[in-house]
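Visitor: Have a look; sequence and predicted model below, questions after that.
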Amino acid sequence: MEMQKKQQTPEQDALEHIVSCRDKPFLEERLIDSFKGRGVFTQQAIEPSTFVVEYRGKISRLKTRKSRRKHEDTLNNYLYEFYWKGTHWCIDASKEDKTLGRIVNDDHINPNCEMKKVEFEGTPHLCLFALREISLGEEITFNYGTSSYPWRSKLVAASCSDEEELGDPKSKRVSDGNYEPEQAALISDGDYKPEEAGSSSDVHGSDNDCDNKDTEEPKAVHQSRRNYCYVCGKGMTKISRHLVRHADEEPDIAKVLALPKNSKERKMLLNDLRNRGDYKHNQKVLKTNCGVLKAKRRTKTQTVNGETHTHCQHCKGFISRTFMSSHFSKCPNISSNKAKIFHESEKSSLFTAPLSDMQRIILGLPSDETSFMVKHDAVLILLTQFLSDKYDGCQEKHEDIKQMLRQMGEFLLALHGKSIFSFKDALKPQNFSKIVETVKSIAGFNEKKGRYKKTGVALTLGQTLKEIANVVVSKAEADADEEMVRDTKTFIKLCEEEWKNLSFDKKENLLSPPKVNRPSTIPFTQDVQALYKCLETTLTSAIDTIKKYESPQVYTALCRVIVAQVVVLNKGACEVSKMTLESFQKREDAAQVLSKHFVQINMPNKTRRNVPVLLTSKLVDALNLLLSKRMTCGVHKDNGFVFAKPDGSPSSFLRGRICIKLFINLCHAKNPEYLLSANFQKRIVRVFQILNLESDELEHLAKLLGRNICTEKSYYRQPEAAVELAKIAQLLLAMEEGSLERFKGNSLNDIEIEDILEPASPKSDDGAENERQGLFPEWSETFPKVLVLPVPVPVYVPVPMNMYSQCTPQPVGLPLPLPVPLFLPVTRDSAESIVDTIQEIKEKIPSDRFE
Ligand SMILES: C[S@@+](CC[C@H](N)C(=O)[O-])C[C@H]1O[C@@H](n2cnc3c(N)ncnc32)[C@H](O)[C@@H]1O
């Protein structure tokens, strides 16, 4: 039975799924028959009132009005028309997008779900909620409305015998389609009673309590009686009999079945297969927090959950933590001494060591499937130990270590598909080809072109694998395990060979420019506008939502959009993400208010220098709202980061580059990959700064540029303004790079916009650098300067004291009449040339421009 997460209402659950755009993992699409088509089925029982699935699609507001009497919600041909707050809306789900809500079928007699509207970010979302308990294997249905749908008239014709084909008595109801028997069999939930009844199991494992009643344990105990099939995922009371069905498709099963009945080997291998299925099932339950866990040993009293139990990394059985040590001594899969070095290290590090940095890192990982992989892999534990020793007492490194561990946890999860379940196995030379295949799939290797889409990811993975192998070699050397030393050293050599080729690919990429069509400047600028609009609307609605619902999900949605907004206004996503409460609160004390619209915050970076972060006043308000909801939404009281996650951890924070990536993918940009590229980030920052200027400020900027351009702020959000926006951004960039000379004597009209964006710099072309440093690379060789261009000159350049003598003219405070609030964080080299070029611009602007 699906359990609601603690304290989470069905509506909050719906919001969480709306935000993440995901369907519940236990729902699946199945073909029913040629008449009804596909439908959605649950692989797990669902409690009444639970949120089940969202009907997603393209939403639009319709202008047509119907009489009040006809204000009825109806679904026709994937178009769901409905009324919300007095307005007529339509969700068009005709696009095949793999989401499940759109293929839920109609049942007007005994539907198990009802459609409700959930408001998120100012728009209605259609969500199905369970009307009653929905049994495992049942089809999800709801009432489409009162129209005379053609299939409803066929009801009477449906025969009862068709019903029997459905297999699951709980899902039986009046059939509403012309079922074809062999297709109808596809939707059987798999508990094939005739075959199971009265049969005895091949395996008499301690946990395999056969029970013909086929019922789950009482709720209080929360443990499953069934074993789960690793092939189809079904829960069965007699798994060994069930596996016979898959013998043709699964060589592992065929191999076991060929062994003599009751032989020791057969029992052991069957036990492995059973554990494999239970492990897969448990991972799903732990990930989704829905469903019942299957423990290796059932107890009448003990509750089974992720805290009381853990998987043995050797046999994959779900074992009580209390009995883990004694399990190790008899686990059939721990046979050699080689395995024991890991098991010893696991025992000592996980169960007996005093609270150390290493344990703090491990305990600080969020509780999800990825972290689960990390926590239960002996090699990753060893790596954590190594890294925490290496950075002894250096708390700032903890987040980086956690990130690396999670990347490796995800890698391990991906390896499961290749039957590798631990790093111990992953580092075996015979598995090296599987490692390379997995890296290729994660980093998007294009076989035809023979190159990676994400070279940086491939390089990072290769580098980390090598580091892990080195740690293992040291440990094995200390333990005098020669075989392990030899194997792992071979693995390192293979890595070097493989990744040497990768750097060669990288060079090839740089030498031969990519043949793909490159975007012209205008579409790129339009994409930036699209991103701007997306962030603006999301921020507004996230603010509205958090005022209504205070939940960790809604808090995260608001936090995510704020951090993304701050990142696009500034360079250096990594720095921005780590903004502290202290630096945010000090913004006024430090007299950093630079204009009525922008606020500067000084944040110390790695070298303890202050890095300016610009915020609009709207963002400051949003941040204040966010901060006021920290406690109620689950942020740890000691978490000092402004963008703290509501996960109860004192040191977690949302990462700017991940958040911005999300919005880039959401904003319907034509070329999202270019927005993601480090090569264009300067342009993004400039365009965003322009878009955030108020009309009067834009006017000053226009004057400065010698052109009476349209200065309505909203104008720049329109696609037509893309040309001007691109030109202004280009001028500002040229100014910053000291190459403004080439525009001398030209008005804005005369400036030619390059059709093609500048070629990528070698550093960022293939994204390798970008990937390693984050989406927006660190602002490494910059120093904290903010240049305010006043109209007219002179120039105000606040720089650290020791730099004053290098600036001409020296800072003189804000001059009259008004500063143009355009803040150009500049590099050391370009500071002086900017000052010169401003002088040139000034000479170019006719004096009558200044009223
Ligand atoms: C939103 S779609 C549902 C998914 C659809 N079954 C599919 O395979 O894509 C609606 C269509 O499904 C079919 N349908 C829905 N409920 C049905 C039912 N109870 N019996 C027969 N067909 C049904 C009708 O063809 C209807 O136009």
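Guide: That came through, no problem. Numbering: from 1, shown residues only.
Visitor: Leaving out sequence neighbours, find the closest residue to Asp425.
Guide: Leaving aside its sequence neighbours, Asp425 sits nearest to Asn431 (CB to CB, 6 or more residues apart in numbering; 6.2 Å). For the C-beta atoms, the positions are set from N, CA and C on the backbone; glycine is no exception.
Visitor: doesn't the one you found fall inside a helix?
Guide: Yes - according to DSSP: H, G, I helix; E, B strand; the rest coil, Asn431 belongs to a helix.
Visitor: Those residues of the protein touching the ligand, which are they?
Guide: Counting by CB under 6 Å from any ligand atom, the chain comes close to the ligand at 35-39, 77-78, 102-103, 105-107, 151, 176-177.
Visitor: Looking at these, which is nearest the ligand?
Guide: The shortest approach to the ligand among the residues of the chain next to the ligand belongs to Gly37, at 2.5 Å (CB to the nearest ligand atom).
Visitor: The closest one: how many residues sit nearby?
Guide: For Gly37, the count of nearby residues is 11 (other CB atoms under 10 Å).
Visitor: is it in a bridge, and if so with what?
Guide: In this structure, Gly37 bridges to Asp33 when assessed by DSSP bridges.
Visitor: what's it in contact with, if anything?
Guide: Counting by CB atoms under 8 Å, 6 or more residues apart in numbering, Gly37 makes contact with Leu31, Ile103, Asn105.
Visitor: Give me the pLDDT for it.
Guide: At Gly37, the pLDDT value in this model is 77.
Visitor: pretty sure the residue nearest to Asp425 is touching Ile420, no?
Guide: Yes - with contacts counted by CB atoms under 8 Å, Asn431 reaches Ile420, the gap being 5.9 Å.
Visitor: quick one, what contacts the spatially closest residue to His108 that is not a sequence neighbour?
Guide: Computed as CB to CB, 6+ apart, the closest residue to His108 that is not its neighbour in sequence is Asn143, at 4.6 Å. Applying CB under 8 Å, 6+ apart, we find Asn143 in contact with Asp106, Asp107, His108, Pro111, Glu114.
Visitor: Buried ones among these?
Guide: Asp106, Asp107, His108, Pro111 (16 or more other CB atoms under 10 Å).
Visitor: between those residues, which is closest to Lys586?
Guide: Pro111 (57.2 Å; CB to CB).
Visitor: ok, now how distant is the closest one from Leu465?
Guide: Distance from Pro111 to Leu465, counting by CB to CB, to the nearest Å: 51 Å.
Visitor: Report the buried residues of stretch 91-108.
Guide: Buried residues in stretch 91-108, counting neighbours by 16+ other CB under 10 Å, are found at Ile91, Ala93, Thr99, Leu100, Gly101, Arg102, Ile103, Val104, Asn105, Asp106, Asp107, His108.
Visitor: Can you add pLDDT and give those back as CSV?
Guide: Shown next, in CSV, are the buried residues of stretch 91-108 (pLDDT from 0 to 100):
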residue, pLDDT
Ile91, 93
Ala93, 89
Thr99, 91
Leu100, 94
Gly101, 95
Arg102, 93
Ile103, 93
Val104, 95
Asn105, 93
Asp106, 91
Asp107, 89
His108, 86
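Visitor: Please identify which pair of the residues you listed lies farthest apart.
Guide: Thr99 and His108 (23.2 Å).
Visitor: Outline the domain layout of the protein.
Guide: 10-65+76-146, 227-332, 359-503, 521-750 (the TED database).
Visitor: rank these by pLDDT, which is bottom?
Guide: In terms of average pLDDT, domain 521-750 trails the rest of the domains of the chain, at a mean of 72.
Visitor: Can you list the residue ranges for helices in the stretch 1-150 of the chain?
Guide: Assigned by DSSP state H, counting those that start in this stretch, the stretch 1-150 of the chain shows helices spanning 10-20.
Visitor: now the strands for it?
Guide: Listed in chain order, the strands of the stretch 1-150 of the chain (DSSP state E, counting those that start in this stretch) span residues 27-33, 37-42, 51-55, 58-62, 74-76, 79-84, 87-92, 105-106, 113-120, 123-130, 141-142.
Visitor: SS state for Leu615?
Guide: Once three-state DSSP is applied, Leu615 turns out strand.
Visitor: hang on, isn't it packed against Val568?
Guide: No - if you go by CB under 8 Å, Leu615 and Val568 don't touch, sitting 11.9 Å apart.
Visitor: wait, what's in contact with Gln565?
Guide: Counting by CB under 8 Å, 6+ apart, Gln565 makes contact with Leu535, Leu539, Leu619.
Visitor: can you put the residues you listed in TSV and add secondary structure and neighbour count?
Guide: Below are these laid out as TSV (DSSP: H, G, I helix; E, B strand; the rest coil; neighbours: other CB atoms under 10 Å):
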residue	secondary structure	neighbour count
Leu535	helix	23
Leu539	helix	20
Leu619	helix	18
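Visitor: Tabulate the CA atom coordinates of the helix or strand harbouring Arg406 in CSV.
Guide: Using DSSP states H and E, the element containing Arg406 is helix 397-416. Taking C-alpha atoms only, helix 397-416 is exported to CSV below (Å, rounded to 0.1, in the frame of the first residue of the first chain):
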residue,chain,number,x,y,z
LYS,A,397,35.6,20.4,1.5
HIS,A,398,32.8,18.3,2.9
GLU,A,399,30.3,19.5,0.3
ASP,A,400,32.7,18.8,-2.5
ILE,A,401,33.4,15.3,-1.2
LYS,A,402,29.7,14.6,-0.9
GLN,A,403,29.2,15.7,-4.4
MET,A,404,31.9,13.4,-5.7
LEU,A,405,30.5,10.5,-3.7
ARG,A,406,27.1,11.1,-5.1
GLN,A,407,28.4,11.1,-8.6
MET,A,408,30.1,7.8,-7.9
GLY,A,409,26.9,6.5,-6.3
GLU,A,410,25.0,7.3,-9.5
PHE,A,411,27.7,5.6,-11.5
LEU,A,412,27.3,2.5,-9.4
LEU,A,413,23.6,2.6,-9.9
ALA,A,414,24.2,2.8,-13.6
LEU,A,415,26.5,-0.2,-13.3
HIS,A,416,23.7,-2.3,-11.8
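Visitor: Just the residues contacting the helix or strand following that helix, thanks.
Guide: Moving toward the C-terminus from helix 397-416, the next helix or strand (DSSP H and E) is helix 423-426. Contacts to helix 423-426, defined as CB under 8 Å, 6+ apart, come from residues 339, 342, 377-380, 408, 412, 415, 420, 431, 435, 465, 468, 472.
Visitor: Can you tell me the element the closest residue to Phe372 other than its chain neighbours falls in?
Guide: Spatially, and ignoring its direct neighbours in sequence, Phe372 is nearest to Leu286 (6.2 Å; CB to CB, 6+ apart). Using DSSP H and E, Leu286 falls within helix 264-288.
Visitor: so who does Asn470 touch?
Guide: Residues near Asn470 by CB under 8 Å, 6+ apart: Ile492.
Visitor: er, Asn76 I mean
Guide: Contacts here follow CB under 8 Å, 6+ apart; on that basis Asn76 touches Tyr144, Ser147.
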